[in-house]
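No sequence on hand, only this structure:
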């Protein structure tokens, strides 16, 4: 644990203080507000304000009782691993996302377990056209009573059971989509939606360009991480559906960009 530095004779200006906070968080990973107060030598309220500013800049992520450094996502976990994570939160997000779908719509369902969780909530939607690059979602809709399924071709990524690359994008460019539901394992206010896998960029951006409305469905646990490749800015989105774990400050920062945010769950505001 980093020891508090001796008190400086001249107080730090806000920019210096925030750089010091980032330095401590880089070293420790996660620190409580009390620890940061002791380390930086300022009040609890000052630390909270600084964390809020740094979070809006995409440099740190507020946690219950403290903060952690924004982290780089080098590789995505497999679909098997993702399926076991945040199950209740995924269902809440999927339920709300599905409530946006009405009869006879054409929707794009991006690859991912959170998007797949929409399937039970779409059972009663009639004459639905489902466009997807997710092999598991295709299988899940085979028994839908009225859905028409359009499978997007491309190179198969076995770990996530999806198709990616330019060939996947070519089909999407030929379609007119009402709502594109996009997934992401890494997103934040500063960098937008990112990915560690270059081949995932083309189908996501093609879906965005082909859709009348684009909705990101991504959990708060993915917020504050970033991949090597930028997919889109948050301002490219119409709505973000996430869970109650996203902080008030972050939600407010996103909404200031003109993007609506829905946080599902009992504690969501």
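Perfect, I can see it now. Since the model is a prediction, treat every value here as computed from it, not as a measurement. Numbering: from 1, shown residues only.

Are there helices or strands packed against the helix or strand containing residue 202, and which ones?
For residue 202, the host element (DSSP states H and E) is helix 201-210. With contacts taken as 3 or more C-beta pairs under 8 Å, 6 or more residues apart in numbering; DSSP states H and E, helix 201-210 sits against strand 162-164, helix 166-172, strand 177-182, strand 192-195, strand 229-232. Using the backbone N, CA and C atoms, a C-beta is placed for each residue, glycine as well.

And the helix or strand just after it, what's buried?
The helix or strand immediately downstream of helix 201-210 is strand 211-217, counting by DSSP H and E. For strand 211-217, a neighbour-count test (16 or more other C-beta atoms under 10 Å) marks 211, 214, 215, 216, 217 as buried.

Nearest to residue 195 among these?
residue 216 (12.7 Å; C-beta to C-beta).

who does that closest one bridge with?
residue 182, residue 240 (DSSP bridges).

Quick one: residues contacting it.
182, 183, 184, 187, 193, 234, 237, 239, 240, 241 (C-beta atoms under 8 Å, 6 or more residues apart in numbering).

between those residues, which is nearest residue 117?
residue 183 (10.6 Å).

Do a quick rundown of the helices in the stretch 51-200 of the chain.
79-83, 87-99, 113-116, 135-141, 166-172 (DSSP state H, counting those that start in this stretch).

what is the mean pLDDT for the second one?
Think helix 87-99. Helix 87-99 shows a mean pLDDT of 96.

Most neighbours of all the contacts of residue 216, which one?
residue 187 (31 neighbours; other C-beta atoms under 10 Å).

My guess is that residue contacts residue 217. True?
No - look at residue 187 against residue 217 with C-beta atoms under 8 Å: they stay out of range, at 10.8 Å.

thinking again about what came up before, could you single out the nearest of the contacts of residue 216 to residue 102?
Closest to residue 102, out of all of the contacts of residue 216 and judged by C-beta to C-beta, is residue 239, at 15.1 Å.

Confirm for me that that closest one is in contact with residue 215.
Yes - the pair residue 239 / residue 215 is scored as a contact, 4.6 Å apart, by C-beta under 8 Å.

what residues are shared contacts of the two?
What both residue 239 and residue 215 touch, as defined by C-beta under 8 Å, 6+ apart, is the set residue 100.

Name the nearest residue to the spatially most central residue of the chain, ignoring sequence neighbours.
Residue closest to the average C-alpha location in the chain (C-alpha atoms, centre = their mean): residue 218, at 3.7 Å. Of all residues not flanking residue 218 in the chain, residue 184 sits nearest, at 4.7 Å (C-beta to C-beta, 6 or more residues apart in numbering).
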